[in-house]
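A.B. asks: Using only what follows, build the 3D model:
(2 chains)
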Amino acid sequence: MNNTAVATKRHASLSLILVYIFVVLALIWAVVPLIWMILSSLKTQAGMFSMPPKFFFKPTFQTYHIMFSSTGHFGHYLLNSVLASVGSTLISLVLGTLGGWAIARGNFKREKDISFWVISTRMAPIPAVMLPLYLLFSKLGLIGTMVGLIFAYTTFNLPFALWIMMTFFKDIPPALEEAAMVDGCTKFRAFYRVTLPMAAPGLVATGILCLMFAWNDYAFASVFTSTASQTVPVAASLLVSQQGIQWGQAMSTGTVIMAPMVIAGLFVRKYLVRGLSMGAVK
Amino acid sequence: MKSKRLTLAASAVLGTTLLVAGCGNTSGNASSGSNTTSSKVDASQQIAAPFQGAVAGLPQITAPKGFNWKQYSGTTLNMITENTPPSSALAENIKEFEDVTGITVNIEQADLSTVAQKVALDFQAKSDKYQLIYADPYQMLAKYSYDYLDLNQFINDKSLPPVPGGLSDFIQSQLMVDGYMGTKDHLYALPYDTPTMVLVYRKDIFDNPKYKSLFQKENGFDWTPGPNLTWEKYLTIEKWINKEVKAGVITGVQYGAGEQAKEYDSLQCDFSDVLAAYGGDYFSAPNLGSIGTTTPGKSLMDSKQAIAAATIYKQIVDNAAPGSTSWDWNGLGEAFAAGDVAMAPEWHEFASTFENPSKSKVAGNVGYAILPKGPVRSANIFGGTGLAISKYATPEQQKAAWLFEVWATSPQAQYMILKSKDGGETPTRTSVYNLPEIQKGMTPGTPESKAMPNLLSMNATLQAWKAQNVYMRPKIPQWPQVDNIVFTQLSDMLANKQTPAQAMQNIATQSNQVTGN
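C.D. replies: Numbering: from 1, shown residues only, chains lettered A, B, ... in the order given. Next up is the predicted model:
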């Protein structure tokens, strides 16, 4: 082996080591806080703040027990979160898919301006849209209702879904739909039978992202909900009060908020990666 | 016998303290604890409301003869409030009110900034979504007083239930700051909660004879917290404890003091105690901290007093536990409960946390005193809030809301809040403090103090509520912006980005811009 080859091999090994170091650091950065949160949720308050911290201890599920007891009302908040995020995601996916397909396949003036206007509504800072939405919802009697919250979430999920799905559809050759129409399909049937299945990974990725946005939202939920319609992030904020923070409850609530999204992400990660790499993000 | 005499003497001192303390107007009803109401109310025409479990010795909730407590049955009221102990206690006991009136009350709790945001949106939409509002004097009352109903219309309506015990039973300085805005022509809210900053300290450190005598020998004064402590002495004690902890002489704490100096509202509160003690204040107009005004006048923050206060405050924070600049009142409370610091200025209701062995390592070892004084006085910032009714509610909702207001702010309900496991907030009513049971609760070690641990901080708090000791920050509509300027500039000062004089000058200049001066 000549000197150049040896140097190249050394260089490659060094690069690989650096990559591994970077990956390990990134993993520590991302995973340690989550593990810390889960471990803390299983400790007593005194154990949570003991120095040096204990990694081996007798776990207690008391905070989870309190959360799901009849006085904790957590099941109610959880149900509200599920209803609001799933409801908004479904509406956004249906309308966003149809709208995205219409813009991708349509042939009309100022198409680019329209699609940009759609996504620009997603760019508006939340405080800017809060007052007009509140006024509108107030007149419609939607403040504090689940329907109102689903509408509120749809205001930011729909433009996102429409924009993302539009770029997915643009990547699928129109010729496939035309061939289906030659075989006797209507335009909508061609879309439904041919284009939509091909965009399935994109649909899943968009759905997961919409679900995440709605699931994690605090700003809209804090304003548009009332006691009956409060979601989990709002309930979690109540653990910080004038007389301190209920750390144990906060940790277990954080764990429960995170768990469904992590599980959903693991189940659909194949689609997520494919979806994101074939669509707008590529 | 000796202990009996001591108890009697202590009770006498305590009773006198309560009478003089400005726990408000103690003449008449408050001291008697009898079932009296406002002077305008003809007691002979009043009958007790059908609430169960009335506490003897406290003014009862009454209504004119023949009053139908169920006349607004079926009405639903929405109350928006900060997630405070009294609101949790009310929510927990709301059935008592609902059973008597047939009115449904949804109590919605959130953090203060969310409450302020929702109230602002609701008023701008002129919506009747919230009929009952936690009207923080600085974030909400001063800004939106025109959106609240004048409660005098109900107080003067002889066909409605009066304020139990009358307005004179409220702690008067709190009624002023929580209830009025600009003039006393309109009463917008009734006092509902009472947090006030006092000094919390570790008795096991300060009462330790070895530490005490070592300190006295080296510094020439008794370090026991109380009315004679000054901020300069506080700084000396803080530095000395730090030094002795490092030398291994003092054990059981890590630092002399902790502060709530995070770049947040807590920093402004923490600093205001020192500012007012040095004779400084934010603006020049009179009555800023009581009735409030829309025209606060020129900023006084470039005064000599303000600069002196900022100078010593910086030294205090520089020598405090290093976490201080990232702690708000919660962070500081946790550090104190964990045994990290020997003393700290903290809201008095943290007593229930500090005295709870499951949350605190220092339970049973905590002392409470008024805050150190400056060249002018001791200044203990008050952070309480009132309960108000929205002007945009329907007439029927407004009257139903009045019934709730009467119940929720009554001495009976305030007593219930104090005893509630979900509450623990200290009452706004003089008559409650006059109860023998409550007075016993202010002495450490009594069964009453164990049942109501917040009472352990009340001797200091009653001192703090005296007119000469309490500090009420400016009640002006522009306060949220001014608050932001204050804690931002102070934070830069603590980070050594500017001198105390520069920080004060910047606060003055920017505050004048906000207020148009």
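
A.B. asks: Residue numbers of the stretch 1-150 of chain B in contact with chain A?
C.D. replies: B:78, B:82-85, B:106-111, B:114, B:117-118, B:121-122, B:124-125, B:127, B:129 (C-beta under 8 Å from any C-beta of the partner chain). Heads up, the C-betas are built off the backbone N, CA and C, glycines and all.

A.B. asks: Weed out the non-buried ones from the residues you listed.
C.D. replies: B:78, B:82-85, B:106-111, B:114, B:117-118, B:121-122, B:125, B:127, B:129 (16 or more other C-beta atoms under 10 Å in any protein chain shown).

A.B. asks: Sort out which of those are in strands and list them.
C.D. replies: Per DSSP state E, strands hold the following members of these: B:78, B:82, B:106, B:107, B:108, B:109, B:110.

A.B. asks: Of those, which is the nearest to residue A:233?
C.D. replies: Nearest to residue A:233, judged by C-beta to C-beta, of these is residue B:110 at 11.7 Å.

A.B. asks: what bridges to that closest one?
C.D. replies: For residue B:110, the beta-bridge partners are residue B:82 (DSSP bridges).

A.B. asks: pretty sure it contacts residue A:237?
C.D. replies: Yes. Residue B:110 is within contact range of residue A:237, at 7.0 Å (criterion: C-beta atoms under 8 Å).

A.B. asks: any shared contact partners between those two?
C.D. replies: residue A:222 (C-beta atoms under 8 Å, 6 or more residues apart in numbering or on different chains).

A.B. asks: rewinding a little: could you dump the ones in strands among the buried ones among the residues of the stretch 1-150 of chain B next to chain A to CSV with pLDDT?
C.D. replies: Shown next, in CSV, are those (pLDDT from 0 to 100):
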residue, pLDDT
B:78, 94
B:82, 88
B:106, 93
B:107, 92
B:108, 91
B:109, 86
B:110, 86
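
A.B. asks: of all those residues, which comes closest to residue B:367?
C.D. replies: Distances from residue B:367 to those, taken by C-beta to C-beta, are shortest for residue B:82, at 28.3 Å.

A.B. asks: what's the spacing between the closest one and residue B:181?
C.D. replies: 19 Å (C-beta to C-beta, to the nearest Å).

A.B. asks: dump the residue contacts of residue B:478.
C.D. replies: B:296, B:514, B:515.

A.B. asks: tell me which of the residues you listed is nearest to residue B:332?
C.D. replies: Distance to residue B:332, by C-beta to C-beta, is smallest for residue B:514 among the contacts of residue B:478, at 28.2 Å.

A.B. asks: Run the chain-centre distance for whatever helix or strand that closest one lives in.
C.D. replies: For residue B:514, the host element (DSSP states H and E) is helix B:500-515. Helix B:500-515 has its C-alpha centroid displaced from the chain centroid by 27 Å (C-alpha atoms, centre = their mean, to the nearest Å).

A.B. asks: now stretch A:106-121
C.D. replies: That offset, for stretch A:106-121, works out to 25 Å (C-alpha atoms, centre = their mean).

A.B. asks: What are the buried residues along it?
C.D. replies: A:115, A:118.

A.B. asks: What parts of the stretch 151-300 of chain B come near chain A?
C.D. replies: residue B:195.

A.B. asks: Include distance to residue B:365 when you put the ones in strands among the buried ones among the residues of the stretch 1-150 of chain B next to chain A into a markdown table, please.
C.D. replies: Listed next are these as a markdown table, based on distance: C-beta to C-beta, whole Å:
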| residue | distance to residue B:365 |
| --- | --- |
| B:78 | 43 |
| B:82 | 30 |
| B:106 | 41 |
| B:107 | 35 |
| B:108 | 38 |
| B:109 | 32 |
| B:110 | 34 |
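
A.B. asks: Name the spans of the stretch 401-517 of chain B whose pLDDT lies under the cut-off.
C.D. replies: B:422-424 (pLDDT under 70).

A.B. asks: Helices of that one, residue ranges please.
C.D. replies: Counting by DSSP state H, counting those that start in this stretch, the stretch 401-517 of chain B has helices at residues B:411-419, B:430-433, B:436-441, B:447-451, B:458-464, B:479-494, B:500-515.
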